[in-house]
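Trainee: dropping the sequence and predicted coords here.
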Amino acid sequence: MSKIRSVEELAELIPDGAHVAIPPEYSFVPMELVHQLIRRKARDLRLLCVPLGGMAVDLLIGAGCVAEIEAAAVSLAENGPAPRFTDAAITRKIKIIDSTCPAVHTALQAAEKGVPFMPLGGIIGSDIEAHRSDWRTVDDPLGQGNGPIILIPAIQPEFAIIHSPLADQFGNVWIGRRRELVTMAHAAKRTLVTAEQIIEGDLLDDEKTAAGSLPALYVSALAKAKYGAKPLALTDCYERDGAAIADYARQAKTDAGFDDYLMQHVYSGRASAAE
Amino acid sequence: MTCKPEEFLISTISGLLNQPHIRHVAVGAASPIPGAAALLAQKIGGQQLDVTIIHGNANNAFTDGGRELFDCAGQGRIDAFFLGGVQIDGQANINLVGTGDYPNLERRFAGSFGSAYMYFTVPNVILFRPEHSRRVFVEKVDFISAPGLSAPDVQRRGGPKALVTELCLMSFDSAIGRFRLESVHPGHTVEEVLDQTGFEIIVPDQVSETATPSEDLLVQLRNEIGPEIAKTYPGFAKSVFDIQSVAT
């Protein structure tokens, strides 16, 4: 059976309360799918930022879709603080689990290897460690005098969501050098992908695209979404729309401004259907 | 030729990177001044210097996803890196999370990024925080994103080596856990640095003035480094060097 669905169907697959891994701000963020999650009024999502959150995460928080977020940091990068995240942190509307970048990668790598935890250097003596009751600092378990080390439990998200420039009819997805997307998909129970373009051929037939592809084996469903990452950048497709993100950064400073933004850019739009 | 404050800081940081034992400098998220400084050091330095700017694909040779920066640092292949702080204290603890009694914060910032790992694994961490005030340089940080010092049994090859602000350059001596004033930028004084610093620092009898970039260096920075950093930070390149962004 074909894995190709619509963006609306993808958003329906993610139930309220789901644990969802989302890529970092710089590329491959499934913004159109995030808009559709807001339109379908998703609630109580638990987000895992891999490892940083940005505008998509801020939108989900502001729209009331999020109960909990784990991240190494959340910001709008060049456009400054993420306003809804900042507000939710101060008013304690959502639970924030502070992490650090390599701890998120390590937790997903543990899950992709099917082991319950993985050690990670550094971090000891930080307040991140102090507030992570799920992490455990142990003495070198092999007794080789390497001192204390932190064990990071595996994280197996229920969903990983990705927007790619290119996928094929079978559900193979080109990810290029963005290998953390492969780790996310390996670790997650289900991976939902939107793509600018879905081609007839097979990305695994050509060695040059095969090596940079996530095989359909890991992909549960795929939908076409033209401009599906905008206003964020998408590798080889379009640049980051800094002016649009600056507008968001300004509007999202207030509840009313954020609601206006949703009306103008999210509720007015519709998921781009497959052509 | 007038030198903009950003250009002065780029030149100062660049000087710190021109050392024979620094062969690979990595630059993290949202760091246009350190990024430009690394590219400048690569251009003018005597040593072969690799520069990795992880923000975007320009000047970024990593192909193994977000984890490669940390794996590379863990392998000991990164010699210099930059960290900042909402607060930095006298023991070089840095806070990137917020002020107040965590998790009941008064102000919330983005988060710790990879600081808690990079501080342990990169031998020459340069702390960069332009704002030099008692709001930033506090007696004790409210939240330790990454500690400046560790117990002797903790594996740690990395840590803070220098601090660059809008007022001065300091070094950090991890043996005694103190900052030492190295030079004060032109137009500022030792008294001003002490007034604006909320922890004790070592002040030598003679404190030199931080070197001002030469005209040649400024020309090179504007003409050669400007267009290069524009590929990663178009907004910064436009405001500082008046360079329109180039699609990469």
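Mentor: Cool, the structure landed. Numbers count the residues shown, from 1 in each chain, chains lettered A, B, ... in the order given.
Trainee: thought B:Thr213 was touching B:Arg222?
Mentor: Thr isn't right for residue B:213; it's Pro. No: the criterion here is C-beta atoms under 8 Å, and B:Pro213 misses it with B:Arg222 at 10.8 Å. C-beta: built from backbone N, CA, C; applies to glycine.
Trainee: and those two? Which one has more around it.
Mentor: Neighbour count, other C-beta atoms under 10 Å in any protein chain shown: between B:Pro213 and B:Arg222, B:Pro213 has more, with 20 against 17.
Trainee: quick check: B:His132 touching B:Glu166?
Mentor: Yes: applying C-beta under 8 Å, one finds B:His132 in contact with B:Glu166, separated by 5.3 Å.
Trainee: look at the two and report which has more neighbours.
Mentor: Each of B:His132 and B:Glu166 has its neighbours counted (other C-beta under 10 Å); B:His132 has more, 21 against 15.
Trainee: rewinding a little: mutual contacts of B:Pro213 and B:Arg222, please.
Mentor: When contacts are counted by C-beta atoms under 8 Å, 6 or more residues apart in numbering or on different chains, the set common to B:Pro213 and B:Arg222 consists of B:Glu7.
Trainee: and A:Gly228, how far from chain B?
Mentor: 19 Å (C-beta to the nearest C-beta, to the nearest Å).
Trainee: how many other residues sit next to A:Pro116?
Mentor: 10.
Trainee: list the contacts for the residue nearest to it when sequence neighbours are not counted?
Mentor: The shortest distance from A:Pro116 to any non-neighbouring residue, by C-beta to C-beta, 6 or more residues apart in numbering or on different chains, is to A:Ala154 (5.7 Å). Taking C-beta under 8 Å, 6+ apart, we find A:Ala154 in contact with A:107-108, A:110-111, A:115-118, A:187.
Trainee: just the ones of those residues in strands?
Mentor: Among the contacts of A:Ala154, the members found in strands (DSSP state E) are A:117-118.
Trainee: ranking the contacts of A:Ala154 by neighbours, who comes first?
Mentor: Counting neighbours by other C-beta under 10 Å, A:Leu108 comes out on top of the contacts of A:Ala154 with 30 neighbours.
Trainee: hey, what's the residue with the largest distance to the centre of chain B bridged with?
Mentor: Distance from the centre of chain B peaks at B:Asn104, with 28.6 Å (C-alpha atoms, centre = their mean). Assessed by DSSP bridges, B:Asn104 has beta-bridge partners B:Asp101.
Trainee: let's test this: mean pLDDT of stretch A:216-236, rounded?
Mentor: Computed over stretch A:216-236, the mean pLDDT rounds to 97.
Trainee: ok, stretch A:170-183 next?
Mentor: On average, stretch A:170-183 scores 96.
Trainee: quick check: end-to-end length of that stretch?
Mentor: In stretch A:170-183, first residue to last residue: 20 Å (C-alpha to C-alpha, to the nearest Å).
Trainee: same check, this time on stretch B:139-151
Mentor: By C-alpha to C-alpha, the extent of stretch B:139-151 from end to end equals 20 Å.
Trainee: now swap in stretch A:209-227 and tell me
Mentor: Distance between the two ends of stretch A:209-227: 21 Å, counting by C-alpha to C-alpha.
Trainee: buried residues, that stretch. List them.
Mentor: For stretch A:209-227, burial by neighbour count (16 or more other C-beta atoms under 10 Å in any protein chain shown) applies to A:209, A:212-214, A:216, A:218-225.
Trainee: same question, stretch B:56-70
Mentor: Residues of stretch B:56-70 classed as buried by neighbour count (16+ other C-beta under 10 Å): B:56-57, B:59-60, B:62, B:65-70.
Trainee: and if you look at stretch A:144-154?
Mentor: By 16+ other C-beta under 10 Å, the buried positions in stretch A:144-154 come out as A:147, A:149-154.
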